[in-house]
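Chemist: what follows is a predicted structure for the sequence shown.
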Amino acid sequence: MTRVEMTLQVKEISGQNPFLCMQCGLCSAGCTGRGIMDMLPRQVMRLIQFGNAQVLDNRSIWMCTTCLTCTARCPRGIDIARVMEALRTINLRRGDGVLAPEDLAAEFLAEIPQMALTSAFRKLSA
Ligand code: SF4
Ligand code: SF4
């Protein structure tokens, strides 16, 4: 995938225009997942603007809980949570990060909270 193709895919899937981002950082400052992210939402937006495919391999897009705080704070009206979802979707369509029921051990299934399992399947299936 070329740089242009990646950025266009994010735009198409999310319905958001990443080029509206002015790098103010308000999304990052309020992000509830920032403590466990390797790249803050503002940085994610920057890499998308540059068409840098590294943005698809970062941990942050999987740590995002879709809490919508960033979306509510963005002065440019960008729904960043949708952008994060688009990045996950691109990965899942490539076959990366997909959670398959048959890959889960019975002991794990017996212990994991049902809500966590439901949430994981919602997020990790294309
Ligand atoms: S939706 Fe995701 S990126 Fe935005 S503030 Fe919440 S955890 Fe952070
Ligand atoms: S709040 Fe909006 S404009 Fe500011 S850095 Fe985040 S995405 Fe960009």
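Modeler: That came in fine, so what should we check first? Ligands and ions are numbered 1, 2, ... in the order given.
Chemist: can I have the lowest-mean-pLDDT helix or strand in the chain written out in PDB, keeping just the CAs?
Modeler: Within the chain, no helix or strand scores below helix 114-123, which has a mean of 81 by mean pLDDT, DSSP states H and E. The C-alpha coordinates for helix 114-123 follow below in PDB (Å, rounded to 0.1, in the frame of the first residue of the first chain):
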ATOM      1  CA  GLN A 114     -17.700 -12.300  29.500                       C
ATOM      2  CA  MET A 115     -17.900  -8.500  28.800                       C
ATOM      3  CA  ALA A 116     -14.200  -8.500  28.000                       C
ATOM      4  CA  LEU A 117     -14.600 -11.400  25.600                       C
ATOM      5  CA  THR A 118     -17.600  -9.700  23.900                       C
ATOM      6  CA  SER A 119     -15.700  -6.400  23.600                       C
ATOM      7  CA  ALA A 120     -12.700  -8.200  22.200                       C
ATOM      8  CA  PHE A 121     -14.700  -9.900  19.500                       C
ATOM      9  CA  ARG A 122     -16.400  -6.700  18.600                       C
ATOM     10  CA  LYS A 123     -13.100  -4.900  18.200                       C
END
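Chemist: and ligand 1, is that helix touching that?
Modeler: No. Helix 114-123 stays clear of ligand 1 (Cβ under 6 Å from any ligand atom), getting no nearer than 11.4 Å. C-beta: built from backbone N, CA, C; applies to glycine.
Chemist: interface residues of this structure facing ligand 2?
Modeler: 21-27, 41-42, 45, 73-76, 78, 80.
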